[in-house]
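In: What would the 3D arrangement of this be:
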Amino acid sequence: MIVLYQFGPAFGLPSLSPFCTKVESYLRMVGLDHRVVEGDARQAPKGKLPYIEDRGTVIADSGFIVEHCKLAYNRDPDEPLSPAQRATGLAVRRMLEEHFYWVLIYARWMDEEGWEGGYRDAIGSMMPAGLRQVGPGILRRRLRTALNRQGLGLHSRAEIYALGVSDLDALADLIGDQAFLFGEKASSYDATVHAFVWHVMESPGDNPLKRAVARRRALADYVERNNRAWGFSEV
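Out: Residues are numbered from 1 along each chain as shown. Reported below is the predicted structural model:
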């Protein structure tokens, strides 16, 4: 059985990390037996979560995990996709994981609405007792530096959220009234879309990202539909 090591649950989400939720969404989507364990990033092979153990093999990084499972178990929901659809899916995944992710980091860690609204306490609760008071602040300062180096942190609050809302609007336009990103069948790219939009919906505080999802109802319906289909509503 696959063992998935991920950050613990918070705010009604199965994990604090959208990358962890992405992997669990994929495993549920394709029906692979797995067991979820609350992991420790300090012990992870690349210093990050998620990672899996599968029959003696350890795989880190959500993208490599999904590709491993596709090949090892012949569970590739992307097989019916056309080359153009695969290219679009990859572009959407990169948009969410390499761009929108930083907007979500800002909403949770830097914006006082999210930080004081619950994210600081959620981070602290997952730390050893001796670090719960000072640890979240230390991580916040490190992430502020990372955001500035990435470039997004140099923008104003309004500019950062405008960039994130444009990503969400693009997703809503792509999905439209379809069940999934590319029609009536889920692909591995849906695991990423589902995870990131769900994390926006359940993040603490109020911000323009949450209001954008509420305004584009297709996104919220998409998440709720997949939660039921993949058994998250039963957790």
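In: what residue ranges in the chain score low on pLDDT?
Out: Scanning the chain for pLDDT under 70 picks out 234-235.
In: Buried residues of the longest helix along it, list them for me.
Out: The residue-count maximum for a helix in the chain (DSSP state H) belongs to helix 157-175. Across helix 157-175, burial judged by 16 or more other Cβ atoms under 10 Å covers 160-161, 163-165, 167-168, 171-172, 175. Yep, even glycine has a C-beta here, placed from its N, CA and C like the rest.
In: Off-centre distance for it?
Out: 16 Å (Cα atoms, centre = their mean, to the nearest Å).
In: let's number from 894 now, not from 1
Out: Noted, 894 is the first residue going forward, which turns the last one into helix 1050-1068.
In: and the next element down the chain from that helix?
Out: As assigned by DSSP states H and E, the chain's next helix or strand after helix 1050-1068 is helix 1081-1095.
In: Tell me the helices and strands packed up against that next one.
Out: Helix 1081-1095 is packed against helix 911-923, helix 955-966, helix 976-987, helix 994-998, helix 1050-1068, helix 1101-1108, helix 1110-1122, with contacts defined by 3 or more Cβ pairs under 8 Å, 6 or more residues apart in numbering; DSSP states H and E.
In: and the ones you listed, which is most packed in?
Out: Highest mean neighbour count among the helices and strands packed on helix 1081-1095 (mean count of other Cβ atoms under 10 Å): helix 911-923, with a mean of 24.
In: what's the longest helix of the chain packed up against?
Out: helix 976-987, helix 994-998, helix 1081-1095, helix 1101-1108, helix 1110-1122.
In: Kindly calculate the angle that the third one makes with helix 976-987.
Out: Orientation check (axes from the mean of the first three to the mean of the last three Cα atoms, to 10 degrees): helix 1081-1095 against helix 976-987 gives 30 degrees.
In: Buried ones in helix 1081-1095, by neighbour count?
Out: Here helix 1081-1095 shows 1081-1094 as buried, counting by 16+ other Cβ under 10 Å.
In: Return the closest of the residues you listed with respect to Arg921.
Out: Ala1084 (8.7 Å; Cβ to Cβ).
In: which residues does the closest one contact?
Out: Going by Cβ atoms under 8 Å, 6 or more residues apart in numbering, Ala1084 touches 915-916, 918-919, 922, 959.
In: and if we set it to 6 Å?
Out: Contact analysis of Ala1084 by Cβ atoms under 6 Å, 6 or more residues apart in numbering lists 915, 918-919.
In: Repeat that for Pro973.
Out: Contacts of Pro973 by Cβ under 6 Å, 6+ apart: none found.
In: Quick check: the gap between it and Thr1085.
Out: Pro973 sits 18 Å away from Thr1085, going by Cβ to Cβ, to the nearest Å.
In: what's the answer for Leu1036, then?
Out: 21 Å.
In: Kindly report the same for Ile958.
Out: 12 Å.
In: shared neighbours of the two, anything?
Out: With Cβ under 6 Å, 6+ apart, Ile958 and Thr1085 have no common neighbours.
In: Surely Tyr1054 touches Arg1104?
Out: No. Between Tyr1054 and Arg1104 there is no contact under Cβ atoms under 6 Å: 9.4 Å.
In: so what's Tyr966 closest to, chain neighbours aside?
Out: Leu925 (6.0 Å; Cβ to Cβ, 6 or more residues apart in numbering).
In: Can you give me the neighbour number for that neighbour?
Out: Neighbours of Leu925 under the rule other Cβ atoms under 10 Å: 16.
In: that's a strand at it, yeah?
Out: No. Counting by DSSP: H, G, I helix; E, B strand; the rest coil, Leu925 is located in no strand; its state is coil.
In: Good, wrapping up.
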